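Asker: Whatever this is, show me its structure:
(chains A and B)
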Protein chains: 2
Amino acid sequence: MSTVIEQSEAILVAGRWRQAAASSYFHSSNPATCDELPEKYPVSSWSDCEEVLTAAADAAEQLRALPVAQIAEFLEAYAQQIEANVDELAQIANAETALPVKPRLADVEIPRTIGQLRQAAQAARSSSWAQPVIDTKLNIRSCYEAIGPVCVFGPNNFPFAFGSVSGGDFAAAIASGNPVIGKANTSHPGTTKKLAELALAATSQSGLPPATVQLIYRLSHDDGAKLVSDFRVGAIGYTGSRRAGLALKSAADASGKPIYLELSSVNPVVLLPGALQQRGSEIVDEFLTSALMGTGQFCTNPGLVLALRGEATDRFVDAVAERFESAPPGTLLSTAVQSSLTKAIETLTAAGADLVCGGQAIAGKCSVTNTLLKVAASKFISDPEVFQTEAFGNASLVVVADTVDELASVIRSLEGNLTGCLYSASDGADDDAYAQLAPLLVAGVGRLLNDKMPTGVAVSPAMNHGGPYPSTGHPGFTAVGIPASIWRFGKLTCYDGVRAERLPALLQDKNPTGDTWRCVDLNWTTADVG
Amino acid sequence: MSTVIEQSEAILVAGRWRQAAASSYFHSSNPATCDELPEKYPVSSWSDCEEVLTAAADAAEQLRALPVAQIAEFLEAYAQQIEANVDELAQIANAETALPVKPRLADVEIPRTIGQLRQAAQAARSSSWAQPVIDTKLNIRSCYEAIGPVCVFGPNNFPFAFGSVSGGDFAAAIASGNPVIGKANTSHPGTTKKLAELALAATSQSGLPPATVQLIYRLSHDDGAKLVSDFRVGAIGYTGSRRAGLALKSAADASGKPIYLELSSVNPVVLLPGALQQRGSEIVDEFLTSALMGTGQFCTNPGLVLALRGEATDRFVDAVAERFESAPPGTLLSTAVQSSLTKAIETLTAAGADLVCGGQAIAGKCSVTNTLLKVAASKFISDPEVFQTEAFGNASLVVVADTVDELASVIRSLEGNLTGCLYSASDGADDDAYAQLAPLLVAGVGRLLNDKMPTGVAVSPAMNHGGPYPSTGHPGFTAVGIPASIWRFGKLTCYDGVRAERLPALLQDKNPTGDTWRCVDLNWTTADVG
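Answerer: Okay, the predicted model is just below:
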């Protein structure tokens, strides 16, 4: 492929900011105005990837030889760098995403990102994430170790907390000792570039190899597939659309590379009649907040509501419609999101869903009026695939069933989802329905909630931000929650009869930190062995 | 497809032995005589799979509702059934595989199988495998739960310990609460049938759904792909050839089904010169035992030896060749193994390896003379893919390098393997070479050994019988070692704000057994919460 070197924003390769070998260029836009932003970003040719991969493989070998404390120091220094630049980062991200500087970016998402990096630093330091297992009788010892360079593809909706060089996958990959090859989301390349600058400064502060963090902005689909299946890659983290994610999965799978995906999810919310009777107006409030938060562009947005036919449900639908109509529609992340949302709404109505309110793209703005759709359960069940079309943005579909059995049939027809919620009365009125529906719902989701909406993914060790396919690629892993998110990027390694002095510190008789949890002869302990 | 019902061995569907809807039939052979055995087995049509899948999905729902103690009772009852039928089982397996009744089958493999089932029973009872994680502050709680029906494809070389209705994958799938759809290895269908009879009796003794264990013998390739990607399937365990395994992986990956593969591995053994000087003749003994055990048909057979050019290596090669020539060649598992072994030897010699001894198929027997090949490291590096052709059986390739750097290059050129061994002197003479080579070797293997051969896969919680692709499909999982092998068949499930009385027993404040290990607020404990 012939490449043209024009002046454009630099990529970060092996510690050096340099012009890309670009096959073409792109601009991001400000969704608040629909105007193109002035910065020009390169679409990298394969030669950029080749160089990035070689540097990452070298960095991976170097990182393996460093004490974990140094990795923790990097994560802490980087958190500090972000903390010192919150205002600038929030401004850049606001221009690229139209997400409000306050409270969303400066007060919520950036602090969350900083917190994640600090938790990851603690996890790296303690190394408990590596699940050391010691069999003293047979002298067999195992733990998770760095898997190799990790490619991270971040999504459009969280430029920091899920960003390719700052978010949860990044923090987990680094904490497990792997260099990261960041592929910026093309809707906020400038934000990602600024973050990579801060990360590079932090590598130098902490003495990590400069290629611990590298950044490219965009690739052809073919080069993306080639990148994730390259022999130098250890694993891949991807958050984004189903189509692009499954294309990468297919390439990674074929070359045996673990790829951790977080794809679309409609997040069913079941509103049982007793709950709607008891506190219908509060549920309307909770639903509204959750459904319109971030203009509905959350992975755990409640896109699907299931309820029984009746007055309480009618009241819920009417109240939500009224509130949807009076709330000003938020700005979507891009014109691409706007058009995919209107297309999804058209798909749903064409299949027979009724448009209760909204459904209008607003000309000259990245906005769609707040949208509520409704469909009978019998119709839903007749074509469940089409009615599960994800309408990413401020739109939700209410499915109305005649009986609890019919609700059960709707739930059985659902694809895998990140979350499932069940609202039930506190007086026992819904208990039979709960007992029937909860086992069906939980089988298809990663996280079951009671009496609350799915948005809000706490960074807790017990969190599962994952779920059955196609919400992710494997139902055993979470993208949020330390330490569990970390061992996605670990390779299980066993030392069988290896001489004591040659064992990794983590597997020697002496507990290397004094507080690393290890499973010794089937008992978890922080004590030394013997 | 038209199906013909002729009288043949029955398949086990939903607790009933019945004639298959067969598209054709096959016989297994006695490899000791090359004679076909009289029993006729059906190749199932898709309608058999359909029925098996529906029954498995029902059984999965029923199993979820049962106390785990009942699952443990089943595993124990089944172990007991096998124990009471050792002689008959060993006779049947001997006729199908030519593996010696004693010691191999009756004294080693069957007792190992019984031990695995009992360890799995203990693991089910304690439920520590499920890794319950509790965040008391946020009331978020998670653990692994049954993933759904598991298809198990067993290999030819371990009719019991890795068998589709008796082996490690089976025990792990059941212990995690999943029904198993067993696909018999077609080289020992009669053994598998007898095992399924005992398993069915054990389901009835313990009150499990009869469809907890089902059995079919053979499928078309298309139906195999359709089976592993069916929506009712939770996961797949496969042990066997790379080609068949990767075909199933491709189908499973495309439908998002976790598939755990254990494929080919050449298991490099590095013999450093100081070790050969110090105890060359013992190393010859150890290599011989490991290389010829089970006629070399072990997943961890030492198929590749790496050594430095010199007298000690020459003596090793000469001594092994002499012993290989004087040892009577064992019987291989089938004529198919015999022909793939001779073909692999031809591939290696055609690429330029020298045949030191052996290489002859023995007419009228499933045997090949014990084979040793040799190649210079420089030649190996020039075409590493072809020189890593797995010669499954009693054949090994010695790679001779001029320098430690060249050994390093050979190791860097290796695909993923289950194991890697390093023999080094006890007096420090090899320490520099060890320090250079061990990090390279360990990066590409699941298990690193010092001063011993790779065969012998202890059933230890610290074991890793896994490794980087293509030795398996994912470097984070082990097929042997309880509890780690079990959570391959678990789905991570999070309960967020779920009311206390609705939580699974494992996640309630009270520790359900008093000795289940749970991670509460980042500390592992067997205590109750609060």
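
Asker: Can you tell me the centre-most residue of chain A?
Answerer: In chain A, the residue lying closest to the centroid (C-alpha atoms, centre = their mean) is A:T239, at 4.9 Å.

Asker: Now that that one has come up, it's in contact with A:F170, right?
Answerer: No: in this structure, A:T239 is not within contact of A:F170 by C-beta atoms under 8 Å, at 11.1 Å. For the C-beta atoms, the positions are set from N, CA and C on the backbone; glycine is no exception.

Asker: what's near enough to touch the residue nearest to the centre of chain A?
Answerer: Contact analysis of A:T239 by C-beta atoms under 8 Å, 6 or more residues apart in numbering or on different chains lists A:F153, A:G154, A:P155, A:F162, A:G167, A:D169, A:L261, A:E262, A:C299, A:A479.

Asker: secondary structure element for A:A124?
Answerer: Per DSSP states H and E: A:A124 is located in helix A:110-126.

Asker: Which strand residues bridge the residue nearest to the centre of chain A?
Answerer: Applying DSSP bridges to A:T239 yields these beta-bridge partners: A:E262.

Asker: Just the contacts of A:T239: which are in helices?
Answerer: A:D169 (DSSP state H).

Asker: got a markdown table for the contacts of A:T239, with neighbour count and pLDDT too?
Answerer: Shown next, in a markdown table, are the contacts of A:T239 (neighbours: other C-beta atoms under 10 Å in any protein chain shown; pLDDT from 0 to 100):
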| residue | neighbour count | pLDDT |
| --- | --- | --- |
| A:F153 | 26 | 98 |
| A:G154 | 30 | 97 |
| A:P155 | 23 | 97 |
| A:F162 | 29 | 98 |
| A:G167 | 28 | 98 |
| A:D169 | 31 | 98 |
| A:L261 | 27 | 98 |
| A:E262 | 26 | 96 |
| A:C299 | 25 | 95 |
| A:A479 | 27 | 96 |
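
Asker: Of the contacts of A:T239, which belong to strands?
Answerer: A:F153, A:L261, A:E262 (DSSP state E).

Asker: measure A:L449 to A:L441 for me?
Answerer: 10 Å (C-beta to C-beta, to the nearest Å).

Asker: shared neighbours of those two, which are they?
Answerer: A:G420, A:L422.

Asker: Which element, helix or strand, includes the residue of the stretch 301-450 of chain A found nearest chain B?
Answerer: Of all residues in the stretch 301-450 of chain A, A:R447 sits closest to chain B, at 4.0 Å by C-beta to the nearest C-beta. Using DSSP H and E, A:R447 sits within strand A:445-450.

Asker: Contact distance from chain B - what residues of the stretch 101-250 of chain A qualify?
Answerer: The stretch 101-250 of chain A comes close to chain B at residues A:128, A:133-135, A:138, A:140-142, A:144-145, A:147-148, A:249-250, as judged by C-beta under 8 Å from any C-beta of the partner chain.

Asker: Just put the residues you listed in TSV and tack on pLDDT, neighbour count and secondary structure.
Answerer: Shown next, in TSV, are these (pLDDT from 0 to 100; neighbours: other C-beta atoms under 10 Å in any protein chain shown; DSSP: H, G, I helix; E, B strand; the rest coil):
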residue	pLDDT	neighbour count	secondary structure
A:S128	96	23	helix
A:V133	98	27	strand
A:I134	98	26	strand
A:D135	98	21	strand
A:L138	97	15	coil
A:I140	98	24	strand
A:R141	98	27	strand
A:S142	98	29	strand
A:Y144	98	25	strand
A:E145	98	20	strand
A:I147	98	27	coil
A:G148	98	25	coil
A:K249	98	26	helix
A:S250	98	16	helix
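
Asker: Tell me which two of those sit farthest apart.
Answerer: Greatest spacing in these, by C-beta to C-beta: A:L138 and A:S250 (40.4 Å).
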